[in-house]
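A.B. asks: Build me a model from this:
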Amino acid sequence: MRTALVSFSLLATVSALYGCATASTSTSTKAATETAPPTAPAAVATRPEMGIRAGRVAGYLADKDVPDSSVLSAPPPAPGSAAQALDEEVSRKYLAMQGTPRWQLAINDANLTFPQAAQTFSCVLNAPVSETQTPVLYSLLRKALTDAGRSTAPAKNVYKRQRPFMVNGKPLCTPDTEDILRKDGSYPSGHSAAGAAWSLILAEISPDQSEAILARGRQYAQSRLVCNVHWYSDTVEGMAMGAATVAKLHADPVFQSDLAKASKELQAIRAKGLPVERDCAAEAAALKNPG
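C.D. replies: The predicted structure follows:
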């Protein structure tokens, strides 16, 4: 119940989690929403985001239970709208971070393959996460990644929005994925959905670290802006889809059982005082001084 409430809270306040949006740009976003196309195309094709497909395992949710982004997400900002202008303004801000330590962290965050992705929240958890040390939590994160990624697929396939690097001609942080990303819709962000889902789940498993965990989930979404592969609105809708996915997961008894086991597992591994296999000092510095 606690995480379900957090999920709905995130759905209501996800835009406020981003420090780059000001009161004036919030007004612009509202105006753009009012002028955006009112209806979404009906036809959708379901498939996971290209960046999430590799090494994907079966999730918890049946197809019918996966949140449908083509229904839940409004259309992306229309060309020439105030919301698109906001997206472009935010994009320019994050382009300035190329080549900085924050850029390198964004490269690390782009990797959704396991076992590397399992360590994403290790620093804020103050505990290692691996298939051998925390097998239940490791499996839970992989399955949640699948479900969150699947939730973004319908809208991606409907809108086929171009990514920032395709518009501004600037580098992306993972050039080896460029060909794949060009064929995969930008809206909403699958990575942002995954980061939000992971952060909500981990905040319930480790409530004492909940604020740091949720902040890291926001920063994980911001990495997609730093990477020049997503627009601001892509990440906002992606986080909302991640929250919707977690709300759905709480109705699944297998997920609930794994959640309880993972909580005990994390407590036990933390009690051993094992080191985190990640440079937490460098990560903290990159997030504190992004430029």
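
A.B. asks: pull the helix or strand with minimum mean pLDDT from the protein.
C.D. replies: Ranking every helix and strand in the chain by mean pLDDT, DSSP states H and E puts helix 23-35 at the bottom, with a mean of 36.

A.B. asks: where does the stretch 151-291 of the chain have low pLDDT?
C.D. replies: For the stretch 151-291 of the chain, the stretches with pLDDT under 70 are 291.

A.B. asks: ah, wrong one, I meant the stretch 1-150 of the chain
C.D. replies: Within the stretch 1-150 of the chain, the stretches with pLDDT under 70 are 1-55.

A.B. asks: where along it do the helices fall?
C.D. replies: Using DSSP state H, counting those that start in this stretch, the helices found in the stretch 1-150 of the chain span residues 2-13, 23-35, 50-53, 69-72, 82-95, 101-109, 122-125, 135-159.

A.B. asks: Not counting residues beside it along the chain, what's closest to residue 123?
C.D. replies: residue 280 (3.9 Å; C-beta to C-beta, 6 or more residues apart in numbering). Where C-beta positions appear, they are placed from N, C-alpha and C, glycine not excepted.

A.B. asks: Could you check how far the one you found is from residue 255?
C.D. replies: From residue 280 across to residue 255, the span is 29 Å (C-beta to C-beta, to the nearest Å).

A.B. asks: who's more crowded, these two?
C.D. replies: Per other C-beta atoms under 10 Å, whichever of residue 280 and residue 255 has more neighbours is residue 255, with 21 against 13.

A.B. asks: so that one sits right up against residue 136, yeah?
C.D. replies: No: with contact defined as C-beta atoms under 8 Å, residue 255 does not reach residue 136; the gap is 11.4 Å.

A.B. asks: Determine the residues that are contacts of both of the two.
C.D. replies: Common contact partners of residue 255 and residue 136 (C-beta atoms under 8 Å, 6 or more residues apart in numbering): none.
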